[in-house]
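S.K.: return atomic coordinates for the entry below.
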Amino acid sequence: MTTATKSLRSDAKVIGLVGLGHGTSHFFQLLLAPLFPWLKEAFGLSYAELGLLMTMFFVVSGIGQALAGFVVDRVGALPVLLGGLTLSFVSALGLASSNSYAMLMLFSTLAGLGNAVFHPADFTLLNRRVSTHRLGHAFSVHGLSGALGWATAPIFLAGLATLFNWRIALLAAAALAFVVLAILFTWRDLLDPREVSESVVQPANRSASESALGFMRSRAVWMCYAFFFISALSFGGIQSFAPASLRDLYAVPFTFATACITAYMLASAGGLIVGGFAAARTSYHDRVIAVAFTISASSALLVAAGSVPTWLVMPLLAVIGFGAGLAGPSRDLLVRAATSRNATGRVYGVVYSGMDVGLAVAPPIYGAMMDARHPGWVFVLIGVFQIAALLAAVGVGERSVRAAQTA
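M.R.: This next block holds a predicted model:
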């Protein structure tokens, strides 16, 4: 067996294992939402109280994600990743046994803490254990696995709750986390801290201080944070109020509006696959993002007008999703270009915490638009936020190029 074949096989295994963990992370992000009807009845809760459970999840995840990056750089990505899966397992067990709203809140918070570790741990492992020329595909699979986790959770949880009850659904989620934890522990030798020599890079911005907080003086890092925060504000509109907006704008059944979001998700998964090839074939990742988000934003503004034929709404949502997916691998490589090798976990942790903050902030913004009876503004804001994220990405790319030229 040639060295190249061994490297490909090893890279594929690492990508698959990390992707499995990431898919579990996204599955647990929707651990409670599909069960809201059952939880509402069981505990006599309002929708506001149920929504607060999700808000706490993402607030804790966002803060914890920034801090988890420091832990990853200090003790290693693998122990932190296994710890996150353990917390996910325990939180699902706790939620399944909850008999009060306080217990639901406690274990939802614990689930958010478990979710916090995945991005800094995952990207540290991929950057250090996967050959450089395959990183675009690695980030593509990573994003795709997350999308599959999101897509699987509602079917899995609501299906079991319908057949049995909500406690059985949560116990099954706990079993899923345990199985994934066991798989990653069994294959831990593939995810050890040793680095694939080809993947060791010296990014252009090595002028930042080598101290623990030196990376925080990098403007490129904070522009990446702004990009993730703004992107999440856009996706938060799709995730929270897009179906209601489409129903009001185009007078379509809610089932059709929900199907449009499914089209968005499926097209986003396809965009991630194509985006992996695009990212592998160019070093101008900001340009890929610019093209992708220009297409998405233009489509969102067309939907916002409320004047396109109804039959065209679903294809336009698919285009918006494809553009978002297409940008994904280039987005992750753009962050890598702004990362010092010894601060991988910290940078990814801080940058990706912007996504959690954006997802926590977005629902009230879009909810205000719906309460004011301006459903079209939901898609206007989605498009505007994508344009703003595009500008942030171009800014990061330009700074990376200038830093490389200086070096």
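S.K.: what segments of the stretch 151-300 of the chain are helices?
M.R.: Assigned by DSSP state H, counting those that start in this stretch, the helices in the stretch 151-300 of the chain fall at 166-186, 219-240, 242-250, 254-280, 285-305.
S.K.: want to throw those into CSV with mean neighbour count and distance to residue 346?
M.R.: For glycine as for every other residue, the C-beta is placed from the backbone atoms N, C-alpha and C. CSV is the format used below for the helices of the stretch 151-300 of the chain (neighbours: other CB atoms under 10 Å; distance: least, CB to CB, whole Å):
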stretch, mean neighbour count, distance to residue 346
helix 166-186, 18, 22
helix 219-240, 23, 9
helix 242-250, 21, 34
helix 254-280, 20, 23
helix 285-305, 22, 21
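S.K.: can you say which of those is nearest to residue 33?
M.R.: Closest to residue 33 of these is helix 219-240 (CB to CB; 9.8 Å).
S.K.: just the CA atoms of the closest one, as CSV, please.
M.R.: Below are the C-alpha coordinates for helix 219-240, written out as CSV (Å, rounded to 0.1, in the frame of the first residue of the first chain):
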residue,chain,number,x,y,z
ARG,A,219,-8.4,42.3,13.7
ALA,A,220,-8.8,39.4,11.3
VAL,A,221,-10.1,37.2,14.2
TRP,A,222,-12.7,39.8,15.2
MET,A,223,-13.8,40.2,11.6
CYS,A,224,-14.2,36.5,11.4
TYR,A,225,-16.3,36.7,14.6
ALA,A,226,-18.4,39.5,13.0
PHE,A,227,-18.9,37.3,9.9
PHE,A,228,-20.2,34.4,12.0
PHE,A,229,-22.4,36.6,14.1
ILE,A,230,-24.0,38.3,11.1
SER,A,231,-24.3,35.0,9.2
ALA,A,232,-26.1,33.5,12.2
LEU,A,233,-28.5,36.5,12.2
SER,A,234,-29.4,35.6,8.7
PHE,A,235,-29.8,31.9,9.3
GLY,A,236,-31.8,32.6,12.5
GLY,A,237,-34.4,34.2,10.3
ILE,A,238,-34.7,31.1,8.2
GLN,A,239,-34.7,28.8,11.2
SER,A,240,-37.3,30.7,13.3
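S.K.: and it, what other elements does it pack with?
M.R.: Secondary structure elements in contact with helix 219-240, counted by 3 or more CB pairs under 8 Å, 6 or more residues apart in numbering; DSSP states H and E, are helix 310-337, helix 344-371, helix 376-406.
S.K.: so who does the residue nearest to the spatial centre of the chain touch?
M.R.: When the chain is reduced to its mean C-alpha position, the nearest residue by CA atoms, centre = their mean turns out to be residue 146, at 6.6 Å. By CB atoms under 8 Å, 6 or more residues apart in numbering, the residues touching residue 146 are 22-23, 25-26.
S.K.: which strand or helix spans it?
M.R.: According to DSSP states H and E, residue 146 maps onto helix 135-163.
S.K.: give the rounded mean pLDDT of that helix.
M.R.: Helix 135-163 comes out with an average pLDDT of 87.
S.K.: how far off centre is it?
M.R.: Its chain's average C-alpha position is 11 Å from that of helix 135-163, according to CA atoms, centre = their mean, to the nearest Å.
S.K.: check which residues of that helix are buried.
M.R.: Residues of helix 135-163 classed as buried: 135-153, 156-158, 160-161 (neighbour count, 16 or more other CB atoms under 10 Å).
S.K.: hmm, back to that, as TSV, the helices of the stretch 151-300 of the chain with mean pLDDT and distance to residue 128 would be great.
M.R.: Formatted as TSV, these follow (pLDDT from 0 to 100; distance: least, CB to CB, whole Å):
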stretch	mean pLDDT	distance to residue 128
helix 166-186	96	16
helix 219-240	83	19
helix 242-250	86	37
helix 254-280	84	18
helix 285-305	90	20
